[in-house]
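Novice: generate coordinates for the sequence data below:
(chains A and B)
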Amino acid sequence: MAVPAATPPPARVPAQDAEPRSATPRGHLDRAREAERAGDDAGAVRWALAATDAGDDLAGWSAAAGIVARCLLRVTPLARRARVAVLGSYTTSQLSALLPVAAARAGVAVEVYECGYGQYRQEILDPSSGLYRFGPDVVVLAVHAGEAQLPAMSQDPDVDVAAEAARWTSLWDLLADRTGARVVQHLFAIPPDVALGHLAARTPGCRATMLAAVNAALGRAAGSRMALVDCDRLAAEVGKRRWFDARYWHQAKQAVSLGCVPLLARHTAAVLGAQLGASRKCLVLDLDNTLWGGVLGEEGLGGIALGDGPAGEAFTAFQDHILELKAKGVILAVCSKNNDADAREVFERHPAMRLRLDDIAMFSASWEDKPAQIRRIAATLGIGLDSLVFVDDNPAEREVVRQLAGEVDVIDLPPDPHGYVRALASYPFFETPALTTEDADRAAQYRARAQAAQLAATATSLADFHRSLAMVATVVPLDEVTLPRVAQLVAKTNQFNLTGRRRGQAELAALAADPAAAVLCVRLADQFADHGLVAVAIVSQDGDVLDIDTWLMSCRVIGRTLEDETAGLLVAEARRRGCRHLRGHHVSTAKNGLVADLYLRLGFTPVSDDGVPARQPDATTWLLDVNAAGSPPGLIQVLHADTQATRPGRELEGTIH
Amino acid sequence: MPDRLQQVFREIFSDDTLVITDETTAADIPAWDSLAHINLMFTIENEFEVEIPDDRLGSFATVGELRGYLEERTAVS
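Specialist: Residues are numbered from 1 along each chain as shown, chains lettered A, B, ... in the order given. As a prediction, the model looks like this:
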């Protein structure tokens, strides 16, 4: 199929372009050092982090860690910060030393506290320990199989496994009670040296078999309030003969070979980052030689390699893997230099295509340069560039995206398509804290958002457009069903987030139970999609003032007037409680500039003397007289779920307004 | 050979200006503690493809002794 003459010539970037960046840790480190010497701190950090992506060796990571430690403070601060306590059962000094650079790569600036050697239990049990004085946001339990209290052979493996699992879950419970910290548990990497040999596989009382059972039990017990790092999988991936190094264990109590600590740090940081909402949300896919073999504009629909033959199977396997990512909530987008209709035709007509147009939330195929296409994808989906991950077989396209859209993560595909799945599977920053029903439906919601954005272009006025969407907001209670989703929103929402406070599940549940507080949860649906639970506000009563502690909204529904309706609900809640004023706060973060003027727009007046400590110079406080508050625009129908029985006296009971 | 060893030191201590001589000892480099020592030994073993026996791991009083040991080992192998 030839490219129709009417279209601009395909200005393809030559694949062999330029010297491919010396994509080695050493090459990147050299550039990081040059940048540091030249006083370019941002460049030094960027190259040092690239060096950690490119390799897993201890020396390279140590060098990168030093550069990041020196330069990171002088560059634009990361949006997320966390105090991280590493509690270990072995020598965790190397892990603790590398965690800051790994976390910076994951988008979180961390300060690390490391407990004394093997003191994890004492630190948790002793309420006056350094752990609690440190006040961690995250506790990493970095423990190894030797620490498991299991015999070499058990007469009653069920009891022993349950007891060992309970020993850990009771530590989790204690941490949950005494701190609001999230817990990241390293599951046991199971040593390969098993005296029973293959008999172990049918012997539940064998220690190796019991270790696997404890891992499984901890996985079941963890639910969504905990994060796990599957060290046994990591060890298997690099090879257990590498992971376990008896010499360094006996010499220096290194339970994880020093050559594997960088890998462990990277995955710990990815899981920790996901807990704090730093994981990436959207995978942006090239088409030619990425999703299928060959160039569509040259080979035509019948000529591309897909499905049949070894090369075709490699691309099919890659598409299957991408679908698995989508199933866990990753949004998919296409960014291709192709004629739009031709590219879509492959999705609609090629019998071996696994991905369908339905799977793609935003389809961009044109002759525009890829950085520009990618920016439009991000804008249309309403997410930041730093939520995107780009895959392309063409090194020159990868490079131009790196240079012109630096916040986008770029995955280097190997030249051979058989290696694509491994390259994508090794990318660690699609970690998600929990699977919720919202995750599974998210792609449909983003696709609906993109359709709605196109409808907006044709509607005569914005109000008409909003009415045409037939939006319905439903206020639902915070309960065991909604809690995981609410916690996820609190953890992940960056743009429409007034205070950036990241309350965990335990805190949220406590607030919901407190009569002086309320957690308002709102779902939104329209004619295109059910967007799910998308807005959360937490208020607490302070005399005749109702204080808005937290207010956030998913970026999927920004620009729908839902914030105005939510403000109306807050006014109603204040009136119900007999409060005269509603008080809001805006705490500036790197990403919430969107809502800097929200309170002004809603008719609040700024308060100068608000008692906010000076360490929050970017915080402003606002007041609204609830009796003078105007009515919301009414472009969304607002309903209340049938649970008012537990909340007597609410004036809005059952009303639709 | 001297360059490779110096490179290892510079990376482990993340100090691009570090210059080691045969007389350098742990006392000369403030960050050279027991942890850094283990990191150094591990990295040197990988870089020079040698396995330093247990009784030698902690025995090198100066960089010169370490270098001598490595020259001897890598010359033989």
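Novice: stretch A:102-115: end-to-end distance?
Specialist: 19 Å (C-alpha to C-alpha, to the nearest Å).
Novice: ok, that stretch near chain B or not?
Specialist: No. Shown here: stretch A:102-115 not in contact with chain B (C-beta under 8 Å from any C-beta of the partner chain), separated by at least 10.9 Å. Every C-beta, even on glycine, is put in place using the N, C-alpha and C of the backbone.
Novice: what is the rounded mean pLDDT of that stretch?
Specialist: In this model, stretch A:102-115 carries a mean pLDDT of 95.
Novice: tell me the buried residues in that stretch?
Specialist: For stretch A:102-115, the neighbour count (16 or more other C-beta atoms under 10 Å in any protein chain shown) marks A:102-110, A:112-115 as buried.
Novice: what about the residue in chain B positioned nearest to chain A, distance to A:Cys71?
Specialist: Closest approach between chain B and chain A, counting by C-beta to the nearest C-beta: B:Ser14, at 2.1 Å. Applying C-beta to C-beta, to the nearest Å, the value for B:Ser14 to A:Cys71 is 11 Å.
Novice: what does A:Ala176 give?
Specialist: From A:Ala176 across to A:Cys71, the span is 36 Å (C-beta to C-beta).
Novice: comparing these two, which shows the higher neighbour count?
Specialist: Ranked by neighbour count (other C-beta atoms under 10 Å in any protein chain shown), A:Ala176 and A:Cys71 place A:Cys71 first, with 21 against 18.
Novice: what helices or strands is the one helix or strand that one maps to leaning on?
Specialist: A:Cys71 belongs to helix A:58-71 when assigned by DSSP states H and E. If contacts are counted by 3 or more C-beta pairs under 8 Å, 6 or more residues apart in numbering or on different chains; DSSP states H and E, helix A:58-71 sits against helix A:25-37, helix A:41-54, helix A:93-105, helix A:261-275, helix B:2-12, helix B:34-48.
Novice: tell me what angle the fifth one forms with helix B:34-48.
Specialist: In other words, helix B:2-12. 140 degrees (axes from the mean of the first three to the mean of the last three C-alpha atoms, to 10 degrees).
Novice: just the pLDDT for the residue minimising distance to the centre of chain A.
Specialist: Centroid-nearest residue in chain A, with C-alpha atoms, centre = their mean: A:Ser279, separated by 2.3 Å. Listed pLDDT for A:Ser279 reads 91.
Novice: distance of A:Glu507 relative to chain B?
Specialist: From A:Glu507 across to chain B, the span is 36 Å (C-beta to the nearest C-beta, to the nearest Å).
Novice: you'd agree that residue is up against A:Ala181?
Specialist: No. Applying C-beta atoms under 8 Å, one finds A:Glu507 not in contact with A:Ala181, separated by 11.0 Å.
Novice: the closest residue to chain B within the stretch 401-550 of chain A and A:Arg266: what is the separation?
Specialist: Using C-beta to the nearest C-beta, the single residue of the stretch 401-550 of chain A nearest to chain B is A:Ser426, 21.4 Å away. Distance of A:Ser426 to A:Arg266, given as C-beta to C-beta: 10 Å.
Novice: before we move on, what about A:Gly297?
Specialist: A:Gly297 is 38 Å from A:Arg266, by C-beta to C-beta.
Novice: what kind of secondary structure is A:Gly219 in?
Specialist: Assigned by DSSP: H, G, I helix; E, B strand; the rest coil, the conformation of A:Gly219 is helix.
Novice: A:Pro606 contacts A:Asp597, correct?
Specialist: No. Using C-beta under 8 Å, A:Pro606 makes no contact with A:Asp597, being 10.8 Å away.
Novice: tell me which residues of the helix holding A:Cys71 come out buried.
Specialist: In terms of neighbour count (16+ other C-beta under 10 Å), helix A:58-71 has its buried residues at A:58-68, A:71.
Novice: now swap in stretch B:51-61 and tell me
Specialist: For stretch B:51-61, using 16+ other C-beta under 10 Å, the buried residues are B:52, B:57, B:60.
Novice: narrow the residues you listed to those in helices?
Specialist: Counting by DSSP state H, the buried residues of stretch B:51-61 place B:Leu57 in helices.
Novice: export the buried residues of stretch B:51-61 to TSV and append columns for distance to chain A and pLDDT.
Specialist: Compiled in TSV, the buried residues of stretch B:51-61 are given as follows (distance: C-beta to the nearest C-beta, whole Å; pLDDT from 0 to 100):
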residue	distance to chain A	pLDDT
B:Ile52	9	91
B:Leu57	6	84
B:Phe60	14	88
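Novice: quick check, pLDDT for A:Val295.
Specialist: According to the prediction, A:Val295 has pLDDT 91.
Novice: so which bits of chain B are right by chain A?
Specialist: Close to chain A, as judged by C-beta under 8 Å from any C-beta, chain B has residues B:8, B:10-16, B:35, B:38-39, B:42-43, B:46-47, B:51, B:54, B:57.
Novice: residue contacts, the residue of chain B closest to chain A?
Specialist: By C-beta atoms under 8 Å, 6 or more residues apart in numbering or on different chains, the contact set of B:Ser14 is A:62-67, A:69.
Novice: circling back: closest to chain B among the buried residues of stretch A:102-115?
Specialist: Set against chain B, the nearest of these by C-beta to the nearest C-beta is A:Glu114 (10.9 Å).
Novice: so how far is A:Ser468 from the closest one?
Specialist: Applying C-beta to C-beta, the value for A:Glu114 to A:Ser468 is 57 Å.
Novice: lowest-scoring secondary structure element of chain A by mean pLDDT?
Specialist: Of all helical and strand segments in chain A, the minimum by mean pLDDT, DSSP states H and E falls on helix A:437-458, at a mean of 61.
Novice: buried residues in the following helix or strand past it?
Specialist: The helix or strand immediately downstream of helix A:437-458 is helix A:462-468, counting by DSSP H and E. For helix A:462-468, a neighbour-count test (16+ other C-beta under 10 Å) marks A:465-466, A:468 as buried.
Novice: and stretch A:153-166, by the same measure?
Specialist: A:154, A:157, A:160-161, A:164-165.
Novice: how about the residue nearest to A:Arg354 when sequence neighbours are not counted, phi and psi?
Specialist: Of all residues not flanking A:Arg354 in the chain, A:Gln319 sits nearest, at 3.8 Å (C-beta to C-beta, 6 or more residues apart in numbering or on different chains). Backbone geometry at A:Gln319, expressed as degrees, to the nearest 10, gives phi -60, psi -40.
Novice: distance check, A:Gln319 against A:Met362.
Specialist: For A:Gln319, the distance to A:Met362 - C-beta to C-beta - is 18 Å.
Novice: before we move on, back to that, quick one: the helix holding A:Cys71 to chain centroid distance?
Specialist: 24 Å (C-alpha atoms, centre = their mean, to the nearest Å).
Novice: got it, and stretch A:120-127?
Specialist: The answer for stretch A:120-127 is 30 Å, by C-alpha atoms, centre = their mean.
Novice: in it, what counts as buried?
Specialist: Under 16+ other C-beta under 10 Å, the buried positions of stretch A:120-127 are A:120-121, A:123-124.
Novice: max pairwise distance over the buried residues of stretch A:102-115: which two?
Specialist: A:Gly107 and A:Cys115 (25.4 Å; C-beta to C-beta).
Novice: residue 32 - nearest residue in space that isn't next to it in sequence?
Specialist: Going with chain A. Leaving aside its sequence neighbours, A:Ala32 sits nearest to A:Trp47 (C-beta to C-beta, 6+ apart; 3.6 Å).
Novice: let's do chain B instead
Specialist: B:Ala26 (4.2 Å).
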